[in-house]
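J.: return atomic coordinates for the entry below.
(2 chains, ligands or ions: 2)
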Amino acid sequence: MKKTNVICPFCGCLCDDLTVNIEDNKITGVDNGCALASSKFLNTERLEKPLIKRGGKLVETSYDEAIESSVEILSNAKRPLLFGWSGTQGEAQCKGVHICELLGGVIDNTSSVCHGPSILAIQEVGHPGCTLGQVKNRADLIIYWGCNPVDAHPRHMSRYTTYADGFFLDNAFRERKMIVVDVRKTESANVADEFVRIKPGGDYAVISALRAMIRGKSKSIPDSVAGVSKSQLERVVKMCKEAKFGAIFFGLGMTMSPNKYKNVRNAIELVDEMSRHTKFTITPMRGHWNVYGSNEVFTWMTGYPYGIDFSRGIAFYNPGETTAVDMLSRKECDALLVVASDPGAHFPKKCLEHMADIPVIQIDPHLNCTSHFADIQIPVAITGVETDGTAYRMDGIPLRTKKVIETERPTDTEVLEKMYKKILEAKGKCTHCW
Amino acid sequence: MHSLLVKNAYVIDPLNNIRGEIMDIAIKDGKIVESVKDSAEVIDAKGQLTLPGGVDSHSHICGTKVNFGRYMSPEDMRAGRGRAQPYMYPVSGYSVPTVYANTYRYSKMGYTTVLEGAMAPLEARHTHEEFSYNTLQDTLANTLFDGNWSVMEAVAEGDLKKVAAIVGWTLAAVKGFGVKITNPGGTEMWGWGKDIGCIHKKVDYFGVTPAEILDYLIRANEMLNLPHSAHLHTNNLGKPGNYKCTLETMQRAPDLNDKRQTLYMTHVQFHSYGGSKWADFCSKADDVSWMLNRKPNIAIDMGQVMFGKTTTMTADGPMEFNLYRLHHNKWSNHDVELETASGIIPVHYSRKNLVNSIMWAIGLELALMTKNPWQCMLATDNPNGAPFVKYPEVIALLMSQKYREEQLKTVNPDTEKRVFLPSLDRELDINEIAIMTRAAQAKALGIVDIGKGHLGVGADADVAVYPIKMDDIDPSKDYQKIIDGFSQTDYTIKRGRAVSKKGDCLVLGDNATIWVKPKISEKNDISKDPEFMKKFERYYTVSLDNYPVQEEYLHRNICIETETGI
Ligand code: SF4
Ligand SMILES: [Zn+2]
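T.: Ligands and ions are numbered 1, 2, ... in the order given. Reported below is the predicted structural model:
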């Protein structure tokens, strides 16, 4: 059996044109998707049963018991941290927020270690963006800054930019120019019309130079800025000004390199500057398929996109204080719930040390590095494969991912809903007024 | 079965011609009935002002734009924080508050139905997701068609039926309610960083004018028999001298429906500007209301501006960029492929500022100079002119000349020379306020027949009891009592249940989404049209199959099916 127009729950591109072949409730192949997509759909490394640590050993347990024990840990914790959320459905994220409010805990998503700085920049200066189809149909200039779509978002260029058919471009591939800005020559740089190689840490200076030149202040720019020659900068400015529609995409190379959010702020202001000459937009390349969704959900529920602390009974937000890495490295939290992400693989050593010391509950379909820290593991259905659910593409388009095969495992939402009800009981709150 | 009796209510119900009668309102199973048994739960209104639940026919509460307004504004969140209590989750925010904050605050003010003013079809799922948390008001979503490529192509072909087929299919697919047209043609031009100006310029490439887009959408709207009329945000918003464009647009509006207006023009305050630049900026509310008074086929909402901080958000992308260049605070923009655009910027309307003071006056003038209150809705285009929590003050300003005079003394002193407000002595009465805040809105939206905006037998039991004794006060003097009274109901009753009492919620809430499904014959089903399908698959980044909003996003919902004859 074939299922068509399946939405890929892997990266922020959320390609919605996959065909999945299924035999006997098993996925046998994926068409249209990139290698990352196939790995997601064909992955068999699954956690089979809920596990719980007893006498230092993980033993099998029932869902009810796993949930019951998790509730005990969370409702007794003084400063619980609920982290992750980028790999699950919007419905589960909502439940997560309600649990956090009830616990007086801190809820954070993975953007605090990827595009958190972009959000800080947006909170300062805004965000002139658009949907990916605007770029596909109109853009004659694409700039990839500090990102490498060929490896991280393999179909970004074919679906939305360089190789995509555009309504206003007769021959998109030839009419479109592409600039890649990076500290090293990536696969993406190889296909660019112009590769701008910046010395590490030089993003801010280069953006500032471009802004100055667009404002007609070329004279003040030295012959070379952060390793980029003035003549190349002039070429870039000319390309930008000649473009009818320019689209900047930026990745962790901009958000996580020195100057962090100031780079992004500067880049947004570059777009603002360019918008006085022609049409320009800027879009963060969001990594996990639903990380943007976690920002959206947290925002409409709490007012803030990540790093929200409910210990005062109201939503409090202060990235750097209320974000997961900071909480863990300060050894501040005394229980950790990880949903659909893998801090075990990505967080600094100091954080991992604390994770080893406190009870960790993991809700995830897969085994990953975080599993090694977990005291309770609750295996769930894979959203977008075994259950449907809402996700937001990197440009804010909400989609409903699909269920292509059946599973006996519960969904994240179901597990969290049960936890929520039980926490209410544990806290002695009426169960129908929340 | 639950029944409720609201006793001794001082009722104003304009749609049923009830003006201040003391009466009992009987409610059973969520509807108003003739009478209920003695066993019914009783709420004693003690002679206090009792109105049908408030209806807001133009507000921005849910969806991509609204949420981005929150996302970019942590400073706004700190301005309205509230703790959890039974039936109420914690809330944040003032001008773009969290979903729960919106729904609680509207309920506290007696509102039971709210229309989201602008939903991009491609992003409709987001609006519906948020709607499901907006638990205390029934919700509706106006759907944007201003820069819709398929619509513009059909207009260029002169094919009205096709325009209707596209609109009809899209509304049903995205579970939308009304046809919203924001800066027709201008949002497409913004795709190239340009705007369009008034109604006879041609949209690049598509070769159609705003006037044509509007003409076709108005007629398609009627062809589809939609409950609401076309809902227009006129071109040239916020520009000095734009009243001419507004008048010309009004002039063109045909009269095609005997039950309601044929054209609803939103936030007309922003479109009633004289002068040629900011330096000679002045009010032209007199010309606009003069035209409105001669055109019963048009209804408007005020788009009242109130002083203080707020956030502007609209599908009018080019307008927001211009505004940003004026204020230079922060600017977000989000164009939606093949459909529309949008922009968001924070603003601070200041009493000291002459332009802001004139804007404040224009909204009030429009309401005071419009003879027939059924043609002018009370709204701030929340949060564009001001957050909706300012409605009680707007009501008081309309009811009291004394209050207006006092306020006029606090605004920029040059204002008086540029506006008409000081010369207007009209004071609206409570019946007119009830019209402008519920009855007219329900009528304009075409939802009277499904039980909204009135208290007649069979209507939805949406009722607001305000702590105001009309017989004991003189609104023109006791305006503070009007403000306080309208700020917080004693009881807000939604579908027969008391949902909020003195500002505290009594239930978690269980709203309904009202949407429209025009019945279109198989042969006019645009989603089966090979040309449409091909274009869709080629130029959208979401497949036709994944585009419609799934039933999962609708919980309780009311689908209005319409006969179309196409
Ligand atoms: S580019 Fe991303 S969303 Fe698209 S198929 Fe590959 S992993 Fe999936
Ligand atoms: Zn509006």
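J.: quick one, what contacts the one residue in chain A that gets nearest to chain B?
T.: Of all residues in chain A, A:Gly133 sits closest to chain B, at 2.8 Å by CB to the nearest CB. From N, CA and C alone the C-beta is placed, and that goes for glycine too. Counting by CB atoms under 8 Å, 6 or more residues apart in numbering or on different chains, A:Gly133 makes contact with A:Tyr160, B:Leu122, B:Val336, B:Glu337, B:Leu338, B:Tyr539, B:Tyr540, B:Thr541, B:Val542.
J.: neighbours of the third one, just the number please.
T.: When you say that, I think you mean B:Val336. B:Val336 is flanked by 27 other residues according to other CB atoms under 10 Å in any protein chain shown.
J.: OK, contacts around it?
T.: So B:Val336 contacts A:Cys130, A:Thr131, A:Gly133, A:Gln134, B:Ala120, B:Leu122, B:Glu123, B:Leu144, B:Ser342 (CB under 8 Å, 6+ apart).
J.: just the fourth one next, same as before
T.: With contacts taken as CB under 8 Å, 6+ apart, B:Glu337 has the following neighbours: A:Cys130, A:Thr131, A:Leu132, A:Gly133, A:Gln134, A:Lys136, A:Asn137, B:Leu122, B:Tyr539, B:Tyr540, B:Thr541.
J.: I'd say the second one and A:Ile397 touch.
T.: So that's A:Thr131. Yes - counting by CB atoms under 8 Å, A:Thr131 touches A:Ile397, with 5.9 Å between them.
J.: overlap of the contact sets of these two?
T.: Contacts common to A:Thr131 and A:Ile397, judged by CB under 8 Å, 6+ apart, are B:Leu122, B:Thr541.
J.: of these two, which one has the most company?
T.: A:Thr131 (29 against 25).
J.: check the gap between that one and A:Asp395 for me.
T.: 5 Å (CB to CB, to the nearest Å).
J.: same check, this time on B:Ala45
T.: Distance from B:Ala45 to A:Asp395, by CB to CB: 50 Å.
J.: so these two - more neighbours on which side?
T.: Ranked by neighbour count (other CB under 10 Å), B:Ala45 and A:Asp395 place A:Asp395 first, with 28 against 23.
J.: tell me if the more buried one really is in a helix.
T.: No - under DSSP: H, G, I helix; E, B strand; the rest coil, A:Asp395 falls outside any helix and is assigned coil.
J.: so who does it touch?
T.: Listed by CB under 8 Å, 6+ apart, the contact partners of A:Asp395 are A:Gly129, A:Cys130, A:Thr131, A:Leu132, A:Thr283.
J.: next: A:Val325.
T.: Shown in contact with A:Val325 (CB under 8 Å, 6+ apart): A:Ser112, A:Val113, A:Phe347, A:Pro348, A:Cys351.
J.: in this structure B:Lys162 contacts B:Ala156, no?
T.: No - using CB under 8 Å, B:Lys162 is not in contact with B:Ala156, being 10.6 Å away.
J.: more neighbours: which of those two?
T.: Using other CB under 10 Å as the criterion, B:Lys162 and B:Ala156 rank with B:Lys162 on top: 22 against 16.
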